[in-house]
Structures are given as C-alpha cells and as structure tokens.
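Q: Here you go, sequence then predicted model.
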Amino acid sequence: MNILFLSWRDIKHPHSGGAEINNFEQAKVWIKKGHSVTVFSSMFPHAKSEEIIDGIEVFRKGSQVLGVHFQFFLWYLFTTKEKFDIVIDQFHGIPFFTPFFVRVKKIAYIHEVAKEVWLMNPWKWPLNVIVGSLGKYIEPLIFKLYQNIPFMTVSQSTKDDLINLGIPAKNITVILSGVTLHLPKPLPKKENTKTLMYLGAVAEDKGVRDAIKTFALVHSKDHKTKLWIVGKGEEHIVAKLKLLCKELGVYSSVDFKGFVSKEDKFKYLAKAHVLINPSVREGWGLVNIESAACGTPVVAYDVPGVRDSVKNNKTGILVPKSKGSDGLAKATESLLKNKSLYEKLSKESKKWGTSFSWERMGEESEAYLKKQVSQK
C-alpha cells in the first residue's frame, strides 16, 4: 500500500509527544512489511521541508495550528505525486477535512476527543478564551462531517466519546498502543526517601499544578518526601510553577529536572515510588504504561484514557476528578503506608507495562488498513 499519514506534528517537532511516537512506530512496522509511508506535517524552526526518517518520507509545510491544514489542501490538489491507496486523517483538536476533497479511501485516526481541553490552551487572554470556546462548541459539528468515515483509535474511552458525538460504533476500531521501553538492567532500587514523580509536558492541560498541590499535601504530613517533575515546558509556565512551590512551602523539596534522555527517564521512573498523573483527559496515557513497566504504581484521576492505561487497584489507584488534589494525596498516602498493597501493585504493574509492543500494534493496524483498502 501507498499510505499518506496527516498529522499536525511529526516525530522531530519540538513539541512532539506520545501521539507522534505512536504514529512513527506504527509507520516503521508498515515500512518493514513493504508498504510506502508519507507523512505530511507542519514546519518548525530549523526543520527541513522534506526528509526521510527511518524510511518514512516527511513533507513539512505551514504552522501546526491551521497552517498545515491549508497547506495540505494546496499540496494534495495542486502538486504532482503518486496516487495514495489510503489517507490517514489524524485529529488533534481539528482534522484535515479530507471528506471534502480526498477521493481515495480514508480513515480518521484519533487519540482523544478534546472537549474541556480546548479551554486549557496556552495562549494569552483573550485569545485563549476565544479559541477555547470556539473549539469546544465547534468540535461536535466537525464530527458530523466524519459520520461515514471509519475511525481508528487507541482506547475504549475515546470510542465511547466518539459514539456520544454521533459516530456509529460499527465505524470505530480500537487498537491498543505499543510502548518503547528503555529499562535499566537491573532496575535500580527505590529512593531511600519517599519520592513522587510527575512525567509529561509541563502544561496546564496535563494537570502539573495538581501534581504540585498533591505533593504539598503529602509533604505536610511527611517532610522527608520529595517530588521530581520530569518534562519540558515553556519558561514562563515553569516560572509560575516554581512560584507556586514557594507559596506552598515545598520549593526545596521539588526538583524540576526538565527534559531528560530516554534512559534517564526510565531510571527516574524506576527509582520513584509513585507516579502522579493529574491529567484531565488522555487518548491512552503512555507514561502510565512506562511507569508500570518500572514497577512504579500510578495515582491518577479517573478520566478518559487514563482509566484505560491504569488498572484501578491493580497497577495504580484512580481517584474521581471531583476529589481533586485532596483525593490524589489521600490515595498516595494510603499506598505509601500499606507495604503489602504497594508490593502487590508494583508486581502487577510490571506484568501490565511489559505486555505492550509496537510490533503488535503495527501488525494490527496494517491488517486494519488492508481491510479498508480492499473494501469498495
């Protein structure tokens, strides 16, 4: 098959995350199986407009917000290229609107429905309110354009959201994500001091503020505890979070480690006692699987995506979002105090976290694409 994959970011984009890793790992499997894969994505500073990554041809045009969508429209209709057998139209808040002008077989690929995340965008007032409000109310209308398009997604949570937005259940296929593990051998021992960890983009929609508030509550009862915040974020956001740490009296016990190598990420995960994940919505929650593979239970909100990647009371503890940081703190405290429960969750986590692979996901999605192409 000759496959065209549309995504607002590619694997080299400075803000790429779990979705982009997912895209490229699957594409690498398809390449190994003899297919051709082209990725159309946005430009970013110092990026090449065209390059080949692991056999995948990458075209970059336009900005990641709307610009890439318009540039794809022009590129697809007005440039000479080989015919594609199937086009994968990926949603990141908004899709590429392929039903209007792409006449070959196409599927919609989505990790998560944005919903309330629209209102957590990083732009300044009043643009953040305007974009957030428009996105929240326009999103359901966009899905109406895709009611007859097959959907591929990574979790039952997202499938449920799609059904609620009017996509027929028969049009939705769930293929669970894979994971790339860089586990140190042997796994290092846990820190002598009880250590909580936050891993992910240091951004509002990922709930990092709630992670700090959770830690402050835990720390108020055990002053020896500490928190690691691992992940990249804009300087002004990090500065605000450090100020919050000072206001809560935990500044000296919080270590902002920033972006780290894959190897160091897994070392930190293995050494930490609990991963705190206060995200309000995920497509799947890759960090939860990575943490589980290291034997580190996750304490998180019981929200879409997260409830798929964390098995409640088996690989972690899920807390109703309504209970906020207080609920996360109480769950963390109870887990750290209950040695037998902790060991049980840690053992089950390792089994769960090491059961996923990109090879399996790539093979399942390849079979799915073949099926779609074969249907008239």
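A: Now that the structure is in, tell me what you want to look at. Numbers count the residues shown, from 1 in each chain.
Q: Name the SS class of A108, please.
A: strand (DSSP: H, G, I helix; E, B strand; the rest coil).
Q: Isn't it up against M152?
A: Yes. Using CB atoms under 8 Å, A108 is in contact with M152, at 7.4 Å. To be clear about C-beta, it is placed using only N, CA and C from the backbone, and glycine gets the same treatment.
Q: Which one of the two is surrounded by more residues?
A: Each of A108 and M152 has its neighbours counted (other CB atoms under 10 Å); A108 has more, 25 against 21.
Q: So what's the predicted local confidence for the more buried one?
A: Per-residue confidence at A108 stands at 98 (pLDDT).
Q: Now do it against S349, distance only.
A: Separation of A108 from S349 (CB to CB, to the nearest Å): 32 Å.
Q: L241 now?
A: In this view, L241 and S349 are 27 Å apart by CB to CB.
Q: Please apply the same query to E112.
A: Relative to S349, and taking CB to CB, E112 is found at 23 Å.
Q: Then K48?
A: Taking CB to CB as the measure, K48 and S349 are separated by 40 Å.
Q: ditto for M152
A: 27 Å.
Q: and if you look at I317?
A: Distance from I317 to S349, by CB to CB: 12 Å.
Q: joint contacts of the two?
A: P297, V298 (CB atoms under 8 Å, 6 or more residues apart in numbering).
Q: can I have stretch 254-265 written out in CSV, keeping just the CAs?
A: Taking C-alpha atoms only, stretch 254-265 is exported to CSV below (Å, rounded to 0.1, in the frame of the first residue of the first chain):
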residue,chain,number,x,y,z
VAL,A,254,10.7,19.8,44.4
ASP,A,255,13.2,19.1,41.6
PHE,A,256,12.4,20.4,38.1
LYS,A,257,14.5,18.1,36.0
GLY,A,258,13.3,19.4,32.7
PHE,A,259,13.7,17.3,29.5
VAL,A,260,15.8,14.2,30.1
SER,A,261,17.1,11.3,27.9
LYS,A,262,15.0,8.2,27.4
GLU,A,263,17.5,6.2,29.6
ASP,A,264,17.3,8.8,32.4
LYS,A,265,13.5,8.9,32.2
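Q: can you pull the buried residues of that stretch?
A: V254, F256, V260, K265 (16 or more other CB atoms under 10 Å).
Q: Equivalent analysis for stretch 229-248, please.
A: Here stretch 229-248 shows I229, V230, G231, G233, I237, V238, L241, L244, C245, L248 as buried, counting by 16+ other CB under 10 Å.
Q: for the third one, what are its contacts?
A: Think G231. G231 neighbours (CB under 8 Å, 6+ apart): Y198, L199, G200, A201, V202, G258, F259.
Q: Selecting buried members of those residues in ChimeraX, what would you type?
A: Buried residues among the contacts of G231 (16+ other CB under 10 Å), as a ChimeraX selection:
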select :198,199,200,201,202
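Q: want to try JSON lines for the contacts of G231, with pLDDT as columns?
A: What follows is the contacts of G231, written out as JSON lines (pLDDT from 0 to 100):
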{"residue": "Y198", "pLDDT": "98"}
{"residue": "L199", "pLDDT": "96"}
{"residue": "G200", "pLDDT": "92"}
{"residue": "A201", "pLDDT": "89"}
{"residue": "V202", "pLDDT": "92"}
{"residue": "G258", "pLDDT": "95"}
{"residue": "F259", "pLDDT": "93"}
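Q: What lies in contact with the helix or strand hosting I276?
A: I276 is located in strand 274-277, with elements delineated by DSSP states H and E. With contacts defined as CB under 8 Å, 6+ apart, strand 274-277 is touched by 195-200, 207, 211, 214-215, 227, 269, 285, 287-288, 291, 296-301, 306, 310, 316, 328, 332, 335-336.
Q: tell me which residues form a beta bridge with the closest residue to E50 other than its chain neighbours?
A: If the residues on either side of it in the chain are set aside, E50 comes closest to F59, at 5.7 Å by CB to CB, 6 or more residues apart in numbering. Under DSSP bridges, the beta-bridge partners of F59 are F40, E50.
Q: From G178, how far out is R60?
A: R60 is 25 Å from G178, by CB to CB.
Q: buried residues in stretch 359-374?
A: In stretch 359-374, counting by 16+ other CB under 10 Å, buried: M361, G362, E363, E364, S365, E366, L369, Q372.
Q: now that stretch, how far from the centre of its chain.
A: 21 Å (CA atoms, centre = their mean, to the nearest Å).
Q: Mind checking the pLDDT average for it?
A: Stretch 359-374 comes out at a mean pLDDT of 97.
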